[in-house]
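J.: Predicted model and sequence below, questions to follow.
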Amino acid sequence: RRFFENNWLDLSLLGELAYSYHQLGIYRDAMQLYLYLMEMAKPEEKEEYFLPLTQIAYDMGDFALVQDYATQYSYHYPHGTFTEEVLYLQLKSLLAMNQIDQAINLIPSPLPDRDNYKFLAAELFFRKDSYESVVSVLKPFWVQQVALPENLTFILAESLYMLGELFEAEPIFRESSTIKRYAGQSLYRLAEIARKNGDEPRALSLYAAIAESDNETLWKKFAERELRLSQLSQRL
């Protein structure tokens, strides 16, 4: 602190140093520098430091501090320059803390025309079983053949399935079945769709593929059960 107060460094250089610390992952020092810069700034200049402070808090995993900075920012700058960016970090932090209801209540309407906002909103809606909202946000990306993040490809397929839109869900499940994390559930859903469409051989083939996989998941157990039930029914 004494180093700063003696004006050994220009404030603009301190800003560059704070940015560099942040990029290098030296979060505590970066935060201290930004807090000092905010303290020294003119009232009309203080706003610009809230975004890096909020981002650093998020990168540190201090989600409570993110909420604190975001709340301060929205109070002092209700129509601030960085409103969307700060709110986005606040929503991500609430998701990380599993405070889904609070996050959904803060989602702006209409959604900002930014992919990251739409993707985050879709994930929050899915966590609340708001499948129609998920589809309304994500389906335009699929229709326009815009690549979705892996988790959102699965989320869109599952939301369509839960809404009974099996025809639309099927090709998206085929896409998500190539993703190891979602392969078991996606293949299981494809088997269920095949069975509902009267294609029992395909359903059994998909159950077998899940059962033969090396992923010890709940979906593998479900598939093994379906195969056993099928064998029992054939013996009767």
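T.: Nice, I can see it. Numbers count the residues shown, from 1 in each chain.
J.: From here on, just use CA atoms for contacts and neighbour counts.
T.: Will do.
J.: Next SSE downstream of the lowest-mean-pLDDT helix or strand in the chain?
T.: Ranked by mean pLDDT, DSSP states H and E, the weakest helix or strand in the chain is helix 2-5, scoring a mean of 46. Per DSSP states H and E, the first helix or strand lying C-terminal to helix 2-5 is helix 11-24.
J.: tell me which residues of that next one are tucked away?
T.: By neighbour count on 16 or more other Cα atoms under 10 Å, the buried set for helix 11-24 is 11, 14-15, 17-19, 21-22.
J.: ok, now stretch 209-219?
T.: For stretch 209-219, the neighbour count (16+ other Cα under 10 Å) marks 209-211, 219 as buried.
J.: C-terminal to the strand or helix carrying Gln185, what's the next element?
T.: Element membership of Gln185, judged by DSSP H and E, is helix 180-196. Proceeding N to C from helix 180-196, the next assigned helix or strand is helix 200-211, under DSSP H and E.
J.: by contact count, what packs against that next one?
T.: On a contact count with 3 or more Cα pairs under 8 Å, 6 or more residues apart in numbering; DSSP states H and E, helix 200-211 meets helix 180-196, helix 218-235.
J.: Least reliable of those by average pLDDT, please.
T.: Mean pLDDT is lowest for helix 218-235 out of these, coming in at a mean of 86.
J.: can you list contacts of it?
T.: Here helix 218-235 makes contact (Cα atoms under 8 Å, 6 or more residues apart in numbering) with 184-185, 188, 204, 207-208, 210-211, 213.
J.: okay, those residues in TSV with distance to Glu165 next?
T.: As requested, the contacts of helix 218-235 are exported to TSV (distance: Cα to Cα, whole Å):
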residue	distance to Glu165
Gly184	20
Gln185	17
Tyr188	16
Leu204	22
Tyr207	21
Ala208	25
Ile210	23
Ala211	26
Ser213	27
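J.: just these now: which is nearest Ser109?
T.: Gln185 (32.4 Å; Cα to Cα).
J.: Contacts only, for the closest one.
T.: By Cα under 8 Å, 6+ apart, the contact list for Gln185 reads 177, 219.
J.: mind running it again at 7 Å?
T.: Trp219 (Cα atoms under 7 Å, 6 or more residues apart in numbering).
J.: Equivalent analysis for Gly184, please.
T.: Gly184 neighbours (Cα under 7 Å, 6+ apart): 210, 219-220.
J.: Would you indicate which residues of stretch 165-179 are buried?
T.: For stretch 165-179, the neighbour count (16+ other Cα under 10 Å) marks 166, 169-170, 172-177, 179 as buried.
J.: Out of these, which sit inside helices?
T.: Of the positions in these, 166, 169-170, 172-176 sit in helices, assigned by DSSP state H.
J.: would you turn those residues into TSV with distance to Glu39?
T.: Below are those laid out as TSV (distance: Cα to Cα, whole Å):
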residue	distance to Glu39
Leu166	57
Ala169	53
Glu170	56
Ile172	51
Phe173	52
Arg174	54
Glu175	51
Ser176	49
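J.: Can I get the helix or strand containing Tyr34 as PDB, trimmed to CA atoms?
T.: Here Tyr34 sits within helix 27-40, counting by DSSP H and E. C-alpha atoms of helix 27-40 as PDB (Å, rounded to 0.1, in the frame of the first residue of the first chain):
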ATOM      1  CA  TYR A  27      -6.200 -13.300  -8.500                       C
ATOM      2  CA  ARG A  28      -5.600 -11.900  -5.000                       C
ATOM      3  CA  ASP A  29      -3.000  -9.400  -6.100                       C
ATOM      4  CA  ALA A  30      -5.100  -8.400  -9.100                       C
ATOM      5  CA  MET A  31      -8.100  -7.800  -6.900                       C
ATOM      6  CA  GLN A  32      -6.100  -5.700  -4.500                       C
ATOM      7  CA  LEU A  33      -4.800  -3.600  -7.300                       C
ATOM      8  CA  TYR A  34      -8.300  -3.000  -8.800                       C
ATOM      9  CA  LEU A  35      -9.700  -2.200  -5.300                       C
ATOM     10  CA  TYR A  36      -6.900   0.400  -4.900                       C
ATOM     11  CA  LEU A  37      -7.600   1.800  -8.400                       C
ATOM     12  CA  MET A  38     -11.300   2.100  -7.500                       C
ATOM     13  CA  GLU A  39     -10.500   3.900  -4.300                       C
ATOM     14  CA  MET A  40      -8.300   6.400  -6.100                       C
END
